[in-house]
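> dropping a prediction and its sequence here:
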Amino acid sequence: MPVTNSPANVVGGSLPKWQLALAVGAPVALGLGYMYYKNSSQDKKTKDIDKKRSDKQLSIDDDLPEKSSKTSIEKTETPAEKALKFKTLGNEAYSAKKYDEAISFYNQAIEACPIENKDELAKNYQNRAAAYEALGKHSAVRDDCTKALEYNPKYAKAFLRRAKAYELENELELALEDATAACIVGHFQNTASLVVADRVLKQLGQQHADEYLKNKKITIPSTYHIKTYFRSFKNDPILSLDDEELLKEENKCLVRIIKLMKDELYDEVIDACTEEIEKYTDDNSQNKMKLMLHRATFYILVGDHKKALDDLEKVIDNYQISGDDVRVNALVKRALMRMQQEKRDECLKDFDTAVKINPNCSDIYHHRGQILLLFEKINEAKVDSDKAFELDPNNGVAYAQKCYVNYRFGAINRSSEMLANVIDDFEKGFELYPNCCECFSLYAQLLCDSQAFGKADEYFEKASKVDPTNATLYVHRGLLQLQWQANIEKGLEFINKAIEIDDKCEFAYETLGTVEVQRGNLLNAIKIFDKAIPLSRTNIELTHIFSLRDAARAQLKTSDKLGAKFMSDMRNSMS
Ligand SMILES: *[C@@H]1O[C@H](CO)[C@@H](O)[C@H](O)[C@H]1NC(C)=O
Ligand SMILES: *[C@@H]1O[C@H](CO)[C@@H](O)[C@H](O)[C@H]1NC(C)=O
Ligand SMILES: *[C@@H]1O[C@H](CO)[C@@H](O)[C@H](O)[C@H]1NC(C)=O
């Protein structure tokens, strides 16, 4: 998902997660898990075998004794042998799905087993837990797994089974701790543990995000993000009015808003719009619709999607009053919001409606092109980005976007001719639009995609020269350092620079936190994720950040339980 300049992304701060995942690895958001994925993807064979093994249901432990020995020693049976026999009988009953019978054999096995045979005792409890699990008795499962872990504190299966029991009882934090422990003691080699951890993490992140959103205080994003959002629309219905129009009596209400925008007093905008809106006694004024659209835009920016939707709906439905341009603007904004809410069909429907109203509005194609690219619909994205540029040839962003989409198109079509043209076109772009940050940053993105990391860094640097206030460029450079040179110090330097430029840069905190998880600095990671939370603008992002934080917390607790030495040995053996 390489497009990075969509306002939906910039404002939401959800810059390409794929890059973060590549560089520091957050496939299951369990820092150490990355190492597993990284190592095992190089060794596909092992992974396939491992996958087959883990696809089976979480099993009982059944190292069956040799058949011959079983019959020969029957007369002089020691307690250990007796326990083994009962365990085997239990396992047979379990396999035959006779769970009550299995439980009673495991009871006898536990009774017979000498206290010093800790591993065997642990297995018997774990196996009995499996039988309870089959009967849906979650609390008995938990108790038996706890017992099993008393006898064998590094018992991955017992951790995982207890995690699943907690999950079924909606004790998600405890479930996550156990799933994390299962991953760690299993050296991230067991896909089943990773799958459970990932699943619980998503649920927990969602739960925390929902709780958070209920009591959320409104925070205004950085000035930079607000400006970027507005800049991504060619003609704002209010801000593009000229002086002459502003002198007209009926436009007085807009002058106040324009002044607040000029003075960057963004946190006053919503209230000011509301006051002006309330002066109208009915819905018959276009300016009222414009004010509602403006207020909706700020509701989007602060992440209050419900209020934004209410306003946008009014503007869109009131078509005779709103007029085409205002409606199209509202439709595109609603489409972007629906995209953030993962409502893909509704998003595309709004774009289609907008095209029907005004097929000559470049904003529609520009934004839809970016979204189609995110969906990997390269052919359609190409049609849109070509059209956006055709309709707005002075716009360097549209030019850069078109070049980048052509690159993707050429890459899919394996056309070296097209790819060569793209490079030429970008170079022309640097001269035609020397002040356009995106020309340089999208070219850097292209270089990244084709693994030309050194040159990519050079072009990110050029982009920074054009726009020194763009913080995310530094996050990208930091990621490059991690990905390309594995240079953590240098990477962190860039990311901290991004925070220096814009202390509301969510992408920077998210990246920094992930790096800290990777390095085992869990407490610090948690603190950093806490800073990213109020900066998240969408539910999806919020869920993601909470998941990262929850994963770090679970790892911290698990490390305490398993012991620092175990954790550091573990980290060393994996790196
Ligand atoms: C800031 O940089 C990012 C790349 O890191 C780019 O996608 C974005 O369009 C830039 N923003 C502006 C306003 O130039
Ligand atoms: C769109 O532009 C074309 C060509 O410039 C023009 O013929 C057409 O009337 C325009 N359509 C609308 C709805 O403005
Ligand atoms: C290659 O390009 C053509 C258009 O020139 C397009 O229709 C086709 O789908 C492309 N092929 C692939 C594999 O994308």
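Received, thanks. Ligands and ions are numbered 1, 2, ... in the order given.
> count residues in the vicinity of residue 524, would you?
Neighbour count of residue 524, defined by other C-beta atoms under 10 Å: 16. C-beta here means a position set from N, CA and C on the backbone, and glycine is covered the same way.
> where does it land in three-state SS?
Assigned with DSSP: H, G, I helix; E, B strand; the rest coil, residue 524 falls in the helix class.
> quick check: closest non-adjacent residue to it.
Counting by C-beta to C-beta, 6 or more residues apart in numbering, residue 524 lies nearest to residue 516, which is 4.9 Å off, once chain neighbours are set aside.
> secondary structure element holding the one you found?
Taking DSSP states H and E as the criterion, residue 516 maps to helix 506-518.
> for that helix, packing partners?
Other elements packing on helix 506-518 under the criterion 3 or more C-beta pairs under 8 Å, 6 or more residues apart in numbering; DSSP states H and E are helix 17-23, helix 31-42, helix 471-480, helix 488-501, helix 522-532, helix 539-562.
> apart from its neighbours in sequence, what residue is nearest the residue in the stretch 251-400 of the chain positioned nearest to ligand 1?
Nearest residue of the stretch 251-400 of the chain to ligand 1 (C-beta to the nearest ligand atom) works out as residue 397 at 7.2 Å. The shortest distance from residue 397 to any non-neighbouring residue, by C-beta to C-beta, 6+ apart, is to residue 438 (4.7 Å).
> again, but for residue 526
Nearest to residue 526 is residue 552, by C-beta to C-beta, 6+ apart, at 5.0 Å.
> what number of residues lie near the residue nearest to residue 290 when sequence neighbours are not counted?
Counting by C-beta to C-beta, 6+ apart, residue 237 is the residue found nearest to residue 290 once chain neighbours are left out, at 4.9 Å. Using other C-beta under 10 Å, residue 237 has 24 neighbouring residues.
> need the contact list for residue 237.
Counting by C-beta atoms under 8 Å, 6 or more residues apart in numbering, residue 237 touches 290, 293, 294, 325, 326, 329.
> again, 7 Å this time
290, 293, 325, 326, 329 (C-beta atoms under 7 Å, 6 or more residues apart in numbering).
> so which of those wins on neighbours?
Most surrounded of the contacts of residue 237: other C-beta under 10 Å gives residue 329, at 29 neighbours.
> which residue is the nearest non-sequential neighbour of it?
In space, residue 329 is closest to residue 237, 5.9 Å off (C-beta to C-beta, 6+ apart).
> return the backbone torsion pair for that neighbour.
phi -60, psi -20 (degrees, to the nearest 10).
> tell me which residues in the helix or strand where residue 111 lies are buried?
Using DSSP H and E, residue 111 sits within helix 99-112. Of the residues in helix 99-112, 99, 101, 102, 103, 104, 105, 106, 108, 109, 110, 112 count as buried by neighbour count, 16 or more other C-beta atoms under 10 Å.
> run a quick neighbour tally on the residue of the stretch 351-500 of the chain found nearest ligand 3.
In the stretch 351-500 of the chain, the residue that lies nearest ligand 3 is residue 413 (3.8 Å; C-beta to the nearest ligand atom). Residue 413 has 13 neighbouring residues, counting by other C-beta under 10 Å.
> I'd like the distance between it and ligand 2.
Distance, residue 413 to ligand 2, by C-beta to the nearest ligand atom, to the nearest Å: 29 Å.
> circling back: any chance of the helices and strands packed on helix 506-518 in CSV, plus mean pLDDT and distance to residue 460?
Formatted as CSV, the helices and strands packed on helix 506-518 follow (pLDDT from 0 to 100; distance: least, C-beta to C-beta, whole Å):
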stretch, mean pLDDT, distance to residue 460
helix 17-23, 41, 12
helix 31-42, 37, 24
helix 471-480, 94, 5
helix 488-501, 94, 9
helix 522-532, 94, 22
helix 539-562, 87, 23
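> just these: most buried one?
helix 471-480 (a mean of 26; mean count of other C-beta atoms under 10 Å).
> contacts made by it with the rest, please.
15, 19-20, 23, 441, 453, 456-457, 460, 463-464, 491-492, 494-495, 497-498, 501-502, 505, 507-508, 511.
> helix or strand for whatever residue of the stretch 401-550 of the chain ends up closest to ligand 2, which one?
As assessed by C-beta to the nearest ligand atom, ligand 2 sits closest to residue 402 within the stretch 401-550 of the chain, at 19.0 Å. In this structure, residue 402 sits in helix 396-412 according to DSSP H and E.
> circling back: how near is the residue nearest to residue 290 to residue 413?
39 Å (C-beta to C-beta, to the nearest Å).
> and the gap between the residue nearest to residue 524 and residue 553?
13 Å.
> one more: residue 331?
Distance from residue 331 to residue 553, by C-beta to C-beta: 41 Å.
> could you do residue 499 as well?
22 Å.
> tell me the pLDDT at residue 90?
We note a pLDDT of 94 for residue 90 in this prediction.
> would you mind confirming that it is in contact with residue 100?
No. Contact criterion C-beta atoms under 7 Å: residue 90 and residue 100 do not qualify, at 11.1 Å.
> find the residues that touch each one of those two.
In contact with both residue 90 and residue 100: no residue, using C-beta under 7 Å, 6+ apart.
> before we move on, back to that, avg pLDDT for the helix holding residue 516?
89.
> list the buried residues for it?
Neighbour-count burial for helix 506-518 [16+ other C-beta under 10 Å]: 506-518.
> now do stretch 397-405
397, 398, 399, 400, 401, 402, 403, 404, 405.
> could you look up the SS state of residue 282?
coil.
> give me the number of residues near it?
7.
> on the pLDDT front, check it for me.
Model confidence at residue 282 (pLDDT) stands at 84.
> cool, residue 104 as well?
So residue 104 comes in at 96 (pLDDT).
> the one 4 residues further on now?
Residue-level confidence at residue 108 comes out at 95, pLDDT.
> how far away is it from ligand 2?
Taking C-beta to the nearest ligand atom, one finds residue 108 at 84 Å from ligand 2.
> check contacts around that residue.
Applying C-beta under 7 Å, 6+ apart, the residues contacting residue 108 are residue 86.
> again with residue 557
residue 177.
> please redo it, this time with the cut-off set to 10 Å
173, 174, 176, 177, 180, 181, 522 (C-beta atoms under 10 Å, 6 or more residues apart in numbering).
> how about residue 524?
With C-beta under 10 Å, 6+ apart, residue 524 has these contacts: 512, 513, 515, 516, 517, 552.
> who's in contact with the fourth one?
Spelled out, it's residue 516. So residue 516 contacts 24, 31, 492, 522, 523, 524, 525, 526, 527, 528, 529, 552 (C-beta under 10 Å, 6+ apart).
> ok, it to residue 537 distance?
Where residue 537 is concerned, residue 516 sits at a distance of 23 Å (C-beta to C-beta).
> once you drop chain neighbours, what's closest to residue 305?
Using C-beta to C-beta, 6+ apart, the closest residue to residue 305 is residue 337 (6.0 Å).
> number of nearby residues for that neighbour?
22.
> equivalent analysis for residue 447, please.
20.
> what does the protein put close to ligand 2?
For the chain, the contact set with ligand 2 under C-beta under 6 Å from any ligand atom comprises 358, 359, 360.
> still on that earlier bit, let me have the contacts of residue 516 in JSON lines, extended by distance to residue 253.
Converted to JSON lines, the contacts of residue 516 look like this (distance: C-beta to C-beta, whole Å):
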{"residue": "24", "distance to residue 253": "49"}
{"residue": "31", "distance to residue 253": "52"}
{"residue": "492", "distance to residue 253": "49"}
{"residue": "522", "distance to residue 253": "52"}
{"residue": "523", "distance to residue 253": "51"}
{"residue": "524", "distance to residue 253": "49"}
{"residue": "525", "distance to residue 253": "48"}
{"residue": "526", "distance to residue 253": "47"}
{"residue": "527", "distance to residue 253": "45"}
{"residue": "528", "distance to residue 253": "43"}
{"residue": "529", "distance to residue 253": "42"}
{"residue": "552", "distance to residue 253": "49"}
